[in-house]
Structure formats: structure tokens, C-alpha cells
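Undergrad: starting from these lines, generate the structure:
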Amino acid sequence: MKKTNVSVNDERLQVSSEVLRAIAHPLRMQILEFIDRNSEINVNKIYGTLGLEQSITSQHLRILRTAGLVDTERDGKYIHYSLNYDKIGGTIEAIRRFLEQDRV
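TA: Numbers count the residues shown, from 1 in each chain. Reported below is the predicted structural model:
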């Protein structure tokens, strides 16, 4: 096994772990895919269409919001969710680089 020096930035590590935890749950992935198919959608449509409880849907959306994977926009009493494609793309690229590094 090859030894490498690793410097860990605690703040970046915390952010990274939140993002990975957010995408590691199958239901959150389902919610992300549903938002992607609809571009922008409110929470009522998400839990109604996916057959989820409102409270569970809100908990999962909070985790996705905290991780920066979804953006929100208020329209009266409704909150519309959309994907933060920059954050998701950066996450996918970081994972890809990590996996490629492991092959070398």
C-alpha cells in the first residue's frame, strides 16, 4: 500500500460528510430525482406524488437543504424546491476524482 500525506481541513471535511450523508439515503435520492424531473416543485407535490408523509418529506428536504443540494424559493405560503446543480456536479466530480485516484 502506498503512503500519502493527507492534510485535512476540518471545515471542508464536515461539509463533505454532510453532502455524502445526504445523498447516501435512498429516499433522499428519490426526492432529488423527482425534483430533477420537475425542475422546481413544492413540498406538497413531492410528498403527495411519492406517497410519503409530510413530516418525513420535510425532514429529508431539511437535510438536503443543509447539505446545499437543493435551493428554495418562497412563493406566498409555498416553498418551491430546485436542485443546486453546481453543488451536485461538484460532488459527483469530487467522488469521481477520488475513485480515479484509488485506481492509480
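
Undergrad: which pLDDT value belongs to the residue positioned nearest the centre of the chain?
TA: Residue closest to the average C-alpha location in the chain (Cα atoms, centre = their mean): Leu69, at 3.8 Å. pLDDT recorded at Leu69 is 95.

Undergrad: surely it meets Leu32?
TA: Yes - counting by Cβ atoms under 8 Å, Leu69 does reach Leu32; the two are 6.7 Å apart. To be clear about C-beta, it is placed using only N, CA and C from the backbone, and glycine gets the same treatment.

Undergrad: find residues that contact each of these two.
TA: Ile23, Leu83, Ile88 (Cβ atoms under 8 Å, 6 or more residues apart in numbering).

Undergrad: any chance of TSV for those residues, columns pLDDT?
TA: Shown next, in TSV, are the shared contacts of Leu69 and Leu32 (pLDDT from 0 to 100):
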residue	pLDDT
Ile23	89
Leu83	96
Ile88	88
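
Undergrad: which one of those is nearest Phe98?
TA: If you rank these by distance to Phe98 using Cβ to Cβ, Ile23 comes first, at 14.0 Å.

Undergrad: ok, that closest one - contacts?
TA: Met29, Leu32, Ala67, Leu69, Thr91.
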